[in-house]
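Student: build me a structure from this.
(chains A and B)
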Amino acid sequence: GAGVSQSPRYKVAKRGQDVALRCDPISGHVSLFWYQQALGQGPEFLTYFQNEAQLDKSGLPSDRFFAERPEGSVSTLKIQRTQQEDSAVYLCASSSTWGTESGNTIYFGEGSWLTVV
Amino acid sequence: AQKVTQAQTEISVVEKEDVTLDCVYETRDTTYYLFWYKQPPSGELVFLIRRNSFDEQNEISGRYSWNFQKSTSSFNFTITASQVVDSAVYFCALSDSYSGAGSYQLTFGKGTKLSVIP
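Tutor: Below is the predicted model of the structure:
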């Protein structure tokens, strides 16, 4: 597609349930990012992939959060045993090159809105 | 550590008024990048501008203009003759080499919600 695509757009999970959020980056984009955006806040970095390699996962809030990008294209963010504090919008982004030095633009998807009840 | 402050939580203006959104940043790096993104109600972050720390020239794009001042660590965004379609949350963001291996990680402010009233 033309942009970053995320699914599902909306997910309501019961506390303790596992969820999986999918991201389809722009075709050919090397870099892929996941951000978490709580209500009324700015996005916060979760993790970064360059192709299939997860180079930074320092932003993942706990070991219940896991991300993968096995073939260097589609990525999945998995949250195990969801808690109410996990309620947020999860934004995926991609860019054509490495980092931001070379003038590339980071393109964001519309996000997956997760509500844990 | 890097930090971005957007002191204005919400702003309301009447259509056709000019409005300036403030952004103040903190970084210990001499090479860094500043961004503005627009987030309409649909949720997608729309890229508006990227500026590196060595380019202090102000930039104008249509009704949008940006004023980058290293002396005050500010990167303010002005919308001239605002329109209802400008209503959104606007985020200022920073990336620098201390974010990790290469400047790929964006640090965002909390955003400014702009409402343009017809």
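Student: A:Thr105 reaches B:Ile49, doesn't it?
Tutor: No: A:Thr105 lies out of contact with B:Ile49 (CB atoms under 8 Å); the separation is 9.9 Å. Just so you know, the C-beta spots here come from the backbone N, C-alpha and C atoms, and that holds for glycine as well.
Student: and these two? which has more neighbours close in?
Tutor: Higher neighbour count among A:Thr105 and B:Ile49: B:Ile49, with 17 against 14, using other CB atoms under 10 Å in any protein chain shown.
Student: which other residues reach the worst-scoring helix or strand of chain B on mean pLDDT?
Tutor: Between all helices and strands in chain B, the lowest mean by mean pLDDT, DSSP states H and E belongs to strand B:59-61, at a mean of 87. Strand B:59-61 is contacted by residues B:Ile49, B:Arg51, B:Ser65, B:Trp66 when judged by CB atoms under 8 Å, 6 or more residues apart in numbering or on different chains.
Student: rerun that using 7 Å as the cut-off
Tutor: With contact meaning CB atoms under 7 Å, 6 or more residues apart in numbering or on different chains, strand B:59-61 is reached by B:Ile49, B:Ser65, B:Trp66.
Student: mind listing what that strand pairs with, with the direction of each?
Tutor: With DSSP bridges as the test, strand B:59-61 is paired with strand B:64-69 (antiparallel).
Student: how far out from the middle of the chain is the strand it pairs with?
Tutor: 9 Å (CA atoms, centre = their mean, to the nearest Å).
Student: what's the angle between the helix or strand following it and strand B:64-69?
Tutor: Counting by DSSP states H and E, the next helix or strand C-terminal to strand B:64-69 is strand B:74-79. Angle, strand B:74-79 to strand B:64-69, by axes from the mean of the first three to the mean of the last three CA atoms, to 10 degrees: 160 degrees.
Student: who's in contact with the residue in chain B that chain A sits nearest to?
Tutor: In chain B, no residue comes nearer to chain A than B:Phe108, which is 3.3 Å away by CB to the nearest CB. Applying CB under 7 Å, 6+ apart to B:Phe108 gives the contacts A:Gly42, A:Pro43, B:Val4, B:Phe91, B:Ala93.
Student: roughly how far does the last one sit from A:Val89?
Tutor: According to CB to CB, to the nearest Å, B:Ala93 stands 16 Å off from A:Val89.
Student: count of neighbours near the residue lying closest to B:Ile49 once chain neighbours are set aside?
Tutor: Counting by CB to CB, 6 or more residues apart in numbering or on different chains, B:Ile49 lies nearest to B:Trp36, which is 5.1 Å off, once chain neighbours are set aside. By other CB under 10 Å, 22 other residues sit near B:Trp36.
Student: looks to me like B:Trp36 is in a strand.
Tutor: Yes: using DSSP: H, G, I helix; E, B strand; the rest coil, the secondary structure at B:Trp36 is a strand.
Student: need the per-residue pLDDT for it.
Tutor: pLDDT recorded at B:Trp36 is 95.
Student: again with A:Gly1
Tutor: Listed pLDDT for A:Gly1 reads 53.
Student: likewise for B:Ile79?
Tutor: In this model, B:Ile79 carries a pLDDT of 97.
Student: ok so, going back, any chance of the contacts of B:Phe108 in TSV, with secondary structure, pLDDT and neighbour count too?
Tutor: Listed next are the contacts of B:Phe108 as TSV, based on DSSP: H, G, I helix; E, B strand; the rest coil; pLDDT from 0 to 100; neighbours: other CB atoms under 10 Å in any protein chain shown:
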residue	secondary structure	pLDDT	neighbour count
A:Gly42	coil	95	22
A:Pro43	coil	95	27
B:Val4	strand	96	24
B:Phe91	strand	97	25
B:Ala93	strand	94	26
